[in-house]
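Colleague: After the sequence you'll find the predicted model.
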Amino acid sequence: MDIKMLFAALALTGAISSCSCTNGQAEGNAGENAETAADTAYADSTPLRLAVAGVTHGHLGEVRRRIGRGDFEIVGVYEKDDRYREKNELTGHVAPELFFSNLGKMLDRTRPEVVVAYGSIYDHLAVVEACAPRHIDVMVEKPLAVSAKHAEKMAALAEKYGIKVLTNYETTWYASNTHAMNLVDSGEIGKVVRINVYDGHQGPQEIGCEQRFLEWLTDPKLNGGGAVVDFGCYGANLATWLLKGQKPHSVSAVLKQNKPEVYPNVDDDATIVLDYPGAVVQIMASWCWPMSRKDMYIYGLDGYIYQKDGKNMETYTGNGLRQFEAPALQAPYNDSFLYLKAAVRDEITIAPHDQEALENNVMVVKILEAARKSAKTGKAVEMD
């Protein structure tokens with residue numbers, strides 16, 4: 001079927017919505033907000049020596065809010081731009097002498113165990129290139145990379161030097177997503193045949209992202225695209241996780257510019273269709289939703305699961321409709337930095353298809369690259 005006809009058919013069934021984005025103010029990491037006694041106990045061991053590479057990402061507040069909790073100490077902060085190095089989310093919370101304008105110098109002087117990247121997506125490769133030969137683990141904010149070429153270089157460096165390269169998503173720490181996976185694995189809804197993922201908000205400018213974030217978030221080179229990358233990565237990551245690392249047969253996509261006067265250089269709305277053996281995944285990523293959302297429907301032959309937000313869920317099976325809260329996650333699986341510490345210290349095992357895993361996120365980048373190609377050519381892209 002021609003792609004335009006395919007998407008027209010989806011629109012008629014109500015499957016296509018119009019719009020999505022990412023910002024620290026909108027993405028409060030809902031799954032990470034509550035610090036329980038178990039969290040505190042888990043953080044009591046020797047703090048992780050952590051360095052920050054880049055301060056322009058809107059999610060940097062997630063680092064600031066955890067300062068003093070006890071699970072990590074910031075030993076250095078790198079930022080190449082003088083304007084932003086002098087004033088950012090960490091100013092006043094980290095000693096002035098720990099800010100550096102040179103990444104290599106910071107790494108050599110402070111000797112961190114891990115670096116967390118909070119610059120542009122394009123800069124992720126440079127961070128890994130600096131850290132890998134020094135045998136320093138890395139965690140980047142989603143997505144892993146702007147292109148498959150960058151992602152594959154990062155994976156090769158990680159393998160060569162034996163480091164971990166993790167990717168952080170807000171939705172990884174949603175109790176509802178973990179419980180959804182458990183329900184799927186238990187056979188609660190039977191064979192999974194369809195997954196619909198909705199992610200985004202009104203737009204990064206509309207929700208008040210700071211200029212230092214907007215400068216690269218809306219740049220096709222530095223971010224890799226607009227909403228297709230910013231929010232399309234969530235659905236690709238969740239699909240790869242839920243389907244245990246499967247590769248889709250093909251990727252089809254339509255990208256739109258509904259607000260060209262606001263976002264002239266990138267898309268602000270993306271609809272992506274992933275064709276898997278026995279299942280179809282639709283990812284609706286947008287900077288045009290009338291509200292913030294990160295929800296997902298998983299349809300099986302015997303029922304469905306609706307993940308409404310970080311904790312609220314709905315299921316429909318032969319036993320009828322049920323609405324409930326997902327069981328709370330336990331440390332370190334409820335918090336990105338507790339998880340990071342456990343991963344760096346080899347206290348947990350990371351499966352290749354896990355949401356944070358390098359293998360999963362290389363696949364995510366390849367899916368997004370195929371989506372951009374499909375939108376440009378008007379044809380489905382076969383995955384190698």
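Modeller: Done, it's in.

Colleague: tell me the helices in the chain, going along the chain?
Modeller: 3-12, 37-42, 61-64, 82-86, 103-110, 124-131, 148-161, 175-186, 211-217, 227-230, 232-242, 336-344, 358-377 (DSSP state H).

Colleague: Just say which of the ones you listed is most tucked in.
Modeller: Highest mean neighbour count of the helices of the chain: helix 227-230, a mean of 30 (counted as mean count of other Cβ atoms under 10 Å). Heads up, the C-betas are built off the backbone N, CA and C, glycines and all.

Colleague: So for that one, mean pLDDT?
Modeller: Computed over helix 227-230, the mean pLDDT rounds to 98.

Colleague: ok, and what's touching that helix?
Modeller: 19-22, 121, 143, 146, 200, 204, 217, 223, 253, 255, 266-270, 272, 285-288, 368, 371-372, 375 (Cβ atoms under 8 Å, 6 or more residues apart in numbering).

Colleague: Now with 7 Å, please.
Modeller: Residues from elsewhere that reach helix 227-230 (Cβ atoms under 7 Å, 6 or more residues apart in numbering): 20-22, 143, 200, 217, 223, 255, 267-270, 285-287, 368, 371-372.

Colleague: can you check stretch 358-370 too?
Modeller: Looking at what lies outside stretch 358-370 - Cβ under 7 Å, 6+ apart - the contacts are 143-145, 147-148, 151-152, 155, 158, 165, 167, 228-229, 232-233, 236-237, 240-241, 245, 247-248, 251, 274, 352-354, 381, 383.

Colleague: quick one: average confidence on that stretch?
Modeller: 98.

Colleague: next one: stretch 247-260
Modeller: 98.

Colleague: Now the terminal residues of it, how far apart.
Modeller: Using Cα to Cα, to the nearest Å, the end-to-end distance of stretch 247-260 comes to 33 Å.

Colleague: List the buried residues in that stretch.
Modeller: Of the residues in stretch 247-260, those buried by neighbour count under the rule 16 or more other Cβ atoms under 10 Å are 248, 251-259.

Colleague: can you list the domains in the protein?
Modeller: 3-23+172-329+352-382, 30-170 (automatic domain parsing).

Colleague: so which of those domains gets nearest Ala342?
Modeller: domain 30-170 (8.0 Å; Cβ to Cβ).

Colleague: How far off centre is the closest one?
Modeller: 15 Å (Cα atoms, centre = their mean, to the nearest Å).

Colleague: ok, back up a step: looking at the domains of the chain, which is closest to Phe337?
Modeller: It's domain 30-170; of the domains of the chain, that one is closest to Phe337 (Cβ to Cβ) at 5.5 Å.

Colleague: residues in contact with Tyr78?
Modeller: 52-54, 100, 103, 106.

Colleague: One more pass at 6 Å, please.
Modeller: 53, 100, 103, 106 (Cβ atoms under 6 Å, 6 or more residues apart in numbering).

Colleague: Please verify my assumption that the first one contacts Val114.
Modeller: No. Under the criterion of Cβ atoms under 6 Å, Ala53 is not in contact with Val114, lying 10.5 Å apart.

Colleague: And these two? Which one has more around it.
Modeller: Between Ala53 and Val114, Ala53 has the larger neighbour count (other Cβ atoms under 10 Å), namely 28 against 23.

Colleague: Alpha carbons of stretch 296-305, as CSV, please.
Modeller: Extracted C-alpha coordinates of stretch 296-305, given in CSV (Å, rounded to 0.1, in the frame of the first residue of the first chain):
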residue,chain,number,x,y,z
MET,A,296,0.5,3.9,25.8
TYR,A,297,-2.1,1.2,24.7
ILE,A,298,-0.9,-2.4,24.4
TYR,A,299,-3.5,-4.6,22.6
GLY,A,300,-3.5,-8.3,22.8
LEU,A,301,-5.9,-10.9,21.4
ASP,A,302,-7.5,-11.3,24.8
GLY,A,303,-7.5,-7.8,26.1
TYR,A,304,-5.7,-4.5,26.4
ILE,A,305,-3.5,-2.5,28.8
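
Colleague: For that stretch, which outside residues touch it?
Modeller: With Cβ under 6 Å, 6+ apart as the test, stretch 296-305 has contacts from 180, 183, 189-197, 306-307, 315-317.

Colleague: that older thread, make JSON lines from the domains of the chain and add distance to Asp335 to it.
Modeller: Below are the domains of the chain laid out as JSON lines (distance: least, Cβ to Cβ, whole Å):
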{"stretch": "domain 3-23+172-329+352-382", "distance to Asp335": "6"}
{"stretch": "domain 30-170", "distance to Asp335": "5"}
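
Colleague: and of these, who's closest to Leu338?
Modeller: That would be domain 30-170 among the domains of the chain, by Cβ to Cβ, at 5.7 Å.
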